[in-house]
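Colleague: predicted structure and sequence below. I'll ask about it afterward.
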Amino acid sequence: MSFLDRVSPYLLLVLTTLFWAGNINLGRVIAGEIPPLGLAFWRWTVAFVVLSPFAYRPMRQQWPLVRQHLRLVLILSALGVAIFNSFVYIALQTTTATNGVLMQSISPVLIILLSTVFFDDKASPKQWVGVLVSLIGAAVVLVRGNISILFTLDFNGGDLWVLCAVICWSVYTVLLRKLPQALKGMPFLGYSILFGVLFISPFYLTETMNGRPVSLSLITVAGVAYVSVFASLLAFLFWNNAASRLGANRAGQFIHLIPVFGLTIATLILGERLQSYHYLGMCLVASGLLLANTNIGSTRMTKL
């Protein structure tokens, strides 16, 4: 049993969504400082360098198993590392953070639908109610208690990039259960990052040659450091461990915490005050998570 297996999977998911909320805010803040594919490339390159001393030996030991499941590992690497993150950073160049996190709120529904279609999972009525309640809570926060905002969203190219990213992440989460029990944790993360960087590389080089190089500055170094360690290494280790223990459906509900944490981070950093709709939204999200994650006996759960 690894160290993470001793930690509550719910705590791991909460920390993961907190790290990703910071990633979204940071991606929007530095959108003008570093190009999207450059951020994605250096995020995972630095992450791999940091991980390598710890993952090298386990990766060597599990290479025969990885080779047996190479197609699946490549697909997961492309979806979870290369495509999802690149699409999000591309989206944040032109869309608002509000639109970005609102789009991500549909991920739990997509995960349940995909699990039902491809794995014949049975989502209970209570679980569907939990999804609905938490989704309403996220919507309350994102529209600032004003439903008319839902009708004024400007769906531009950035919004479509986010939608594609969320679909990729949902497929990634559902496909995680196909990995064998022995292939999990640090070795899988190491290979995912390695293959993901290889997938991103030609697009990053194209971006650089088209006049968008990554400039060296304090903000770019600090930004890459955060997304590499917290939003990449720790978040993926935590997510993969928790999703394998709880199942994709349960883990997916915690995506709703991203907009809640995102607003909280903005409040602490920008000095914004929480309004009544923030508290209402947080209560609804918490209630929905509780409903969706208690006494669900019909959902198949497979450990990595």
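Modeller: Structure received.

Colleague: the stretch 151-300 of the chain: helices as residue ranges?
Modeller: 157-175, 185-209, 218-228, 235-246, 248-253, 257-270, 276-292 (DSSP state H, counting those that start in this stretch).

Colleague: with respect to V117, which of those helices lies nearest?
Modeller: Ranking the helices of the stretch 151-300 of the chain by proximity to V117 (CB to CB) places helix 157-175 first, at 9.1 Å. Bear in mind the C-beta positions are built from the backbone N, C-alpha and C, glycine included.

Colleague: now do the buried residues in that closest one.
Modeller: 158-159, 161-175 (16 or more other CB atoms under 10 Å).

Colleague: low pLDDT regions in the chain?
Modeller: Applying pLDDT under 70 to the chain flags the ranges 1, 96, 98-99, 102, 142, 144, 149-150, 152-156, 270-274, 293-304.

Colleague: scan it for its longest helix.
Modeller: Counting residues, the longest helix in the chain under DSSP state H turns out to be helix 36-68.

Colleague: and it, how far from the chain's centre?
Modeller: 18 Å (CA atoms, centre = their mean, to the nearest Å).

Colleague: try stretch 280-297
Modeller: Put simply, stretch 280-297 sits 19 Å off its chain's centre (CA atoms, centre = their mean).

Colleague: repeat for stretch 101-118
Modeller: That offset, for stretch 101-118, works out to 12 Å (CA atoms, centre = their mean).

Colleague: then stretch 126-135?
Modeller: Stretch 126-135 has its C-alpha centroid displaced from the chain centroid by 20 Å (CA atoms, centre = their mean).

Colleague: and if you look at stretch 222-230?
Modeller: Chain-centre distance of stretch 222-230: 15 Å, with CA atoms, centre = their mean.

Colleague: V260 contacts V285, correct?
Modeller: Yes: taking contacts as CB atoms under 8 Å, V260 lies within contact range of V285: 5.6 Å.

Colleague: most packed of the helices of the stretch 151-300 of the chain?
Modeller: Stretch with highest mean neighbour count among the helices of the stretch 151-300 of the chain: helix 248-253 (a mean of 27; mean count of other CB atoms under 10 Å).

Colleague: what helices or strands is that one leaning on?
Modeller: Counting contacts by 3 or more CB pairs under 8 Å, 6 or more residues apart in numbering; DSSP states H and E, helix 248-253 packs against helix 107-119, helix 125-142, helix 157-175, helix 235-246, helix 276-292.

Colleague: circling back to that earlier point, what touches both of V260 and V285?
Modeller: Overlap between the contact sets of V260 and V285, as judged by CB atoms under 8 Å, 6 or more residues apart in numbering, is given by G137, A138, V141.
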